[in-house]
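Novice: give me a 3D structure for the following:
(2 chains)
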Amino acid sequence: MAQNTVPAEIKTEGGSRRRATRVLSYVALILLTLAFVAPLLWMISTSFKTNPETTRWPLAWIPRELSVEGYREIFNPTSETPVIRWFFNSLIAATAHAVLVLVTAAPAAYALARMHFRGKGLMFAIIISTLFIPPIILITPQYLVVDYLGWLDTLWAVIVPSAAGALGVFLLRQFFVSLPRELEEAAVLDGANRFQIFTRVVLPLSKAPLATLALLSFLTNWNDFLWPIYVLFSPKSLVLPPGLSKLQGAYDTDYAVIMAGGVLASIPVLILFFIAQRYIIEGVSRSGLKG
Amino acid sequence: MTTGQIGQSGAAPLSATKGSSRRRENQDFIGANPVTPYLFLAPYLLLFVVFVAIPVVYGFWISLHSWDYLLPGKPWVGLKNYADLFTPGSVTSGPFWNSMGATGKYTLYSVPLLVLVPLLVALVLNQKFPGRAFFRSVYFAPYVLGVAVVGILWRFLLDPNVGLVNYYLGQIGIGNVPWITALPWAWISLVGMTVWWTLGFNAMIYLAGLQDIPRELYEAAAVDGANAWQRFLNITIPGLWPVLLFVVTITILREANMFGQSYIVTQGAPGEETTTAIMYIAETGLRQFNMGAAAAMSYVLALFLLIISIANFAFFRVRED
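Specialist: Below is the predicted model of the structure:
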């Protein structure tokens, strides 16, 4: 692949020019890094302060008195704002959602990539065209469907409806189409049926796109805000994003508690990001381009 | 990939046994069971029909009724919900168009920054230098946090009285800036925090596009004596054009759907000025349960988004020629 070398101008012109450009770039990058990291550090720092200290000027980056009062509040499962419970609700919902996306999108994408049946082109066109439907059109009727199913105020409401999105089918189909057919043909000669070919040949070859789709589905579900604030309402059934909004309202100026909630909500996704960032960044930056 | 397959369908089972063409054989290698594809599709199609296909049609049906979730009767009103939106003085038209205006302003303020700043960042990150991967990770990281975390964090940072931002501005002699409670500050806050949140996302898309531009083009241009700016204009911009179109389009659509930042940080304040269209529609439909009107509004908004997307493609197509 194309090597990213320093621009040629730097090579051809003097070393001092080169050094100046480099120093300037680094200064800019480091300033930008500060702007990105400082807010997160402030969130963590504040979460470990006593409440009076959170707003006491001069502001201190290192808490003068280390306190876990904020965390004690959010780890209380019986309060009106049981953040720890929302944390586990979010964990269950996002995991179940990611699994549901994989088990429904993968076989459908495979059928659309490799099988031959009447109406395939039309079906694919219809599914893909829904990628362009603004979600706002769906929320009112989806709310009524979810209500009809008896899912309002339950985790089903945040796990299932969004799994109907077309993105997973689209991404996986593109990948399956690009797989060499020879391996599947070899399996046919060995007497494998379609299902066996799919589970034993195709899926093992598709670990990277499946992992990417699972990660993106998990992240999207973990962070979704607009839908859960309307379909979940009782304190015990919330997930984190609507919960944090509620926490902000309930604790008003008790910033240690609010920031502790923010830290708790950030930990899983930041961990996920740092261990799997290759998949996440690739998935994000490539998903739209290959369309 | 699928072209030409449809015409082959009739003869497929026969030809498979004869093993005529490799492709044909492969397509139908199980040939026997025509139900198989539908079994593979069934789980997804069930979700798709219940949660996408039915709602799209049902939403339009709702918009033709005076549909209050809490009332037993949902009388047919035809296009009245739509007509009301275009009738000055009706209950919905004023706030709806105000919210559309807010969305328009916000989109106008945020999109240029969200297109240009990430491009600059991507151009710098496209050089090879130690620490590149680190900076890339740091700039992308806020994007994996949801709008709820970003919202409560910036609400605190921008608090006029106790926030970190005004604290440091105070240190250099700038008095209390009403970041949340007055215009234009509220817009600056909403745009600023969104740049912080999504800069990395757009930058990574640009970066992928930049890496697809062949290095040889730059080397050849350098040999011909083109300076950095000329190379940027004549190689980078044309090479990045499709990516640029993609970024502009998704950024416009994303920002025109802005909801969480206003909901959490400004709550539409100072008055209703930062109440976006999505926020007004969602509140009308799912809080006040005036679903007929909300559904009608969502279709009007969708039409606007469609027009913008088409205009966008047309603009970029023209520039391409």
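
Novice: so A:Arg64 touches A:Thr54, yeah?
Specialist: No: A:Arg64 lies out of contact with A:Thr54 (C-beta atoms under 8 Å); the separation is 11.4 Å. For every residue, glycine as well, the C-beta is placed using N, CA and C.

Novice: out of those two, which sits in the busier spot?
Specialist: A:Thr54 (25 against 10; other C-beta atoms under 10 Å in any protein chain shown).

Novice: so which bits of stretch B:283-301 are buried?
Specialist: Neighbour counts over stretch B:283-301 (16 or more other C-beta atoms under 10 Å in any protein chain shown) mark B:283-286, B:289-301 as buried.

Novice: over to stretch A:269-279?
Specialist: A:269-270, A:272-273, A:276-277, A:279.

Novice: name the helix or strand for B:Leu303, please.
Specialist: helix B:291-320 (DSSP states H and E).

Novice: any part of that helix near chain A?
Specialist: Yes: residues of helix B:291-320 contacting chain A under C-beta under 8 Å from any C-beta of the partner chain: B:291, B:294-295, B:298-299, B:301-302, B:305-306, B:309.

Novice: next up, the contacts around B:Val91.
Specialist: Contacts for B:Val91 (C-beta atoms under 8 Å, 6 or more residues apart in numbering or on different chains) come out as B:Asp84.

Novice: tell me the SS of it?
Specialist: The three-state assignment at B:Val91 reads coil, by DSSP: H, G, I helix; E, B strand; the rest coil.

Novice: the helix or strand harbouring A:Ala94 near chain B anywhere?
Specialist: Using DSSP H and E, A:Ala94 sits in helix A:83-114. Yes: Helix A:83-114 reaches chain B (C-beta under 8 Å from any C-beta) through A:103-105, A:107-108, A:110-114.

Novice: and those residues, which is closest to A:Ala20?
Specialist: Comparing the residues of helix A:83-114 next to chain B against A:Ala20 with C-beta to C-beta places A:Ala105 closest, at 50.9 Å.

Novice: the closest residue in space to that closest one that isn't next to it in sequence - how many residues pack around it?
Specialist: In this structure, A:Ala105 finds its nearest non-sequential neighbour in A:Gly168, 3.4 Å apart by C-beta to C-beta, 6 or more residues apart in numbering or on different chains. Using other C-beta under 10 Å, A:Gly168 has 26 other residues around it.

Novice: any idea how far A:Gly168 is from A:Phe117?
Specialist: According to C-beta to C-beta, to the nearest Å, A:Gly168 and A:Phe117 sit 20 Å apart.

Novice: any weak-confidence spans in chain B?
Specialist: Judged by pLDDT under 70, chain B has its weakly predicted residues at B:1-32, B:318-321.

Novice: closest residue of it to chain A?
Specialist: Nearest to chain A, among the residues of chain B, is B:Gly146, at 2.8 Å (C-beta to the nearest C-beta).

Novice: what about the closest residue to that residue other than its chain neighbours, how many residues nearby?
Specialist: Nearest non-adjacent residue to B:Gly146, counting by C-beta to C-beta, 6+ apart: A:Asn223, 2.8 Å away. Using other C-beta under 10 Å, the number of residues around A:Asn223 comes to 23.
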